[in-house]
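Novice: next input, structure requested:
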Amino acid sequence: MVGKGTITMRETRILEFKETITNTFLKTVSAFSNYNGGTILFGVDDNGNVKGLPDVKQACQDIENKINDSISPQPNYTLEIQNNDQTIKLTVKSGLQKPYLYKSKAYKRNDTATIEVDTLEFSRLILEGKNISFEELPCKDQELSFKILQCKLKENIYIETFNQDTLKTLNLYDNINGYNNAAGLLADKNHFSGIDIVKFGENISIIQKRVTFEHISVLEIYEKALAVFRDYYQYEVIQGADRKMVEKIPEAAFREAIANALIHRVWDINSHIRVSMFDDRIEVVSPGGLPAGITAEEYLSGKLSILRNRNLANVFYRLGLVEIFGTGITRIKQLYAESLIKPEFEVSENAIKIVLPIFETNVNLTEDEKVIYKFLSKTMLKPISEIAPYVPFGKSKTTQLLKAMEKKGVIAVEGKGRGTKYIIK
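Specialist: The predicted structure follows:
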C-alpha cells in the first residue's frame, strides 16, 4: 500500500474495496468463505483511494459483530488495522464447513462482483462441505454392466477375476449405496453426456463430419475419439520397403487432452466435451472450470494435485492412460518442445480449452524467420498489415524476411504491391 493517497492494487475476484461499513460486505464474506478466500479493505473507495475510517477501533468491532451475527456457520477470518490507523484489512479464508450463508443464501465472486449461487452450485457447496464429490454419490442407474472395464483391466494389468470386490477396490461400489456415479461413468451403458466431435473443412461453415459419443463407458468414448483423430491427423508414407506413420498432431498430446477433459470435467451438468477439428489445429473444450482451491497459474504449470473426480482418475491411472499427479498439461508442453507453434491453454470460470496446433518444425528457418512463421497460416492468405504489428521488426525487415522464406520454399506469395499476401506452403 502506498502512503495515504492511493492503493496500487485494483479490485479483483479476491480483493474488494469498501469505503464505509454497510451490510453489503457480508455477501462477499460468504463468497470468499465458500470459494478461494479473499480480502476486503475498508476505508478505501472503488478506485483505490484511501479515504480512511473515522474510528477504526469501533469499525473493527462493528465488522466483527456483523460477521458473527449474520454469517452461518462461523467463517474463518482475521482483522488488521493498516495505513496509519486509517483502514482495516479483513482477510477471509476458504472454509471447510461449506456453504457459508448470509440471510440463508450462498454467494460467489463473479469477476469483481458478488452474486448469489444457483441451485446446482449450491448443491456442489453442500457436497464439498461434507467432503463428498459428485462422482461418489449413488448413481441413479443401478443396473450396470462393466464388460469394457473388465476387458481393459485384463488387457492392461492382467486382472483375470472381475467381481463386486474388484469394483469395491476401485471405489466404485459399496454395500450401502450400491454403484456410485464414477461406476456409472465407467459402465457399458449410462445416462451421462460424452464427447461431441466436429471436423470442419476450409472454414466453419463446412462440416465434414459430426459425431457424438454419449451414454457409453468413458473408456469407450476415449477410444472412439482417438479413432476419429487417427482418421484425420495420421497417414502412412512408404519409404522404400518401410512404411512410416506420420502424425500431423502428436497422438500422445491428443490422448492427454481427451483424458484430461474426461477426468477433470464436471459431470453433474448435461453438457458434452466439445472437440473441434480444423486443418491446422484441434480445440478441446471441457465443461466446468478449475476445481476450487487451485489457480489458473498452478493448473497451467502442471501442479494440479486437486482431482475433481479422484476415483475416475484412479481407474485411468491404473489402466496406464494418464499419470495421476500430472495434469497432462506439462506432458503436452513437452511433446511440443520442438514445434514452432505451441499449444494454447485457456481457463475460464465455466470451461477449460486446450488448443493443439499442427506440429511444425522447420529447421531451415533462422530465429527471426521462426518468429514470423508463427503468425502465418496454412489456410489463410495474410497481407503484411496482419503480420507486421505482431512481430518485433519494422515493416521493411518483415518483408525481407518473408522474401527469404519464399526463396527457401517455406511460404508462397500471391498478388503484387499492396495486394501481396503470404501463406504457408
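Novice: could you use CA atoms for every contact and neighbour count after this?
Specialist: OK.
Novice: list the residues that contact residue 53.
Specialist: Residue 53 makes contact with 20, 42, 43, 59, 86, 87, according to Cα atoms under 8 Å, 6 or more residues apart in numbering.
Novice: and residue 72, how far from residue 59?
Specialist: When Cα to Cα, to the nearest Å is the yardstick, residue 72 and residue 59 sit 21 Å from each other.
Novice: got it, and residue 39?
Specialist: Using Cα to Cα, one obtains 16 Å as the distance from residue 39 to residue 59.
Novice: ok, those two, which is more surrounded?
Specialist: residue 39 (23 against 19; other Cα atoms under 10 Å).
Novice: isn't residue 340 right up against residue 370?
Specialist: Yes - counting by Cα atoms under 8 Å, residue 340 touches residue 370, with 6.9 Å between them.
Novice: tell me how far stretch 17-28 lies from the chain's centre.
Specialist: In this view, stretch 17-28 has its centroid 31 Å away from the chain centroid, taken as Cα atoms, centre = their mean, to the nearest Å.
Novice: how much space separates residue 56 from residue 23?
Specialist: Residue 56 is 17 Å from residue 23, by Cα to Cα.
Novice: so after the lowest-mean-pLDDT helix or strand in the chain, what's the next helix or strand?
Specialist: Taking mean pLDDT, DSSP states H and E as the measure, the helices and strands of the chain show their lowest mean at helix 296-300, namely a mean of 82. On the C-terminal side of helix 296-300, the nearest following helix or strand under DSSP states H and E is helix 310-318.
Novice: could you list the alpha-carbon positions for that following helix in CSV?
Specialist: As requested, C-alpha coordinates have been extracted for helix 310-318 and formatted as CSV (Å, rounded to 0.1, in the frame of the first residue of the first chain):
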residue,chain,number,x,y,z
ARG,A,310,-10.5,-38.9,-7.9
ASN,A,311,-12.0,-42.4,-8.4
LEU,A,312,-12.3,-42.0,-12.2
ALA,A,313,-8.7,-40.6,-12.3
ASN,A,314,-7.5,-43.6,-10.3
VAL,A,315,-9.0,-46.1,-12.9
PHE,A,316,-7.4,-44.1,-15.8
TYR,A,317,-4.1,-44.2,-13.9
ARG,A,318,-4.3,-47.9,-13.2
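Novice: can you show me the helices along the stretch 251-400 of the chain?
Specialist: Across the stretch 251-400 of the chain, reading from the start of the chain, the helices by DSSP state H, counting those that start in this stretch fall at 251-264, 296-300, 310-318, 329-335, 367-373, 395-407.
Novice: and the average pLDDT for stretch 276-284 is what?
Specialist: Taken as a whole, stretch 276-284 carries a mean pLDDT of 95.
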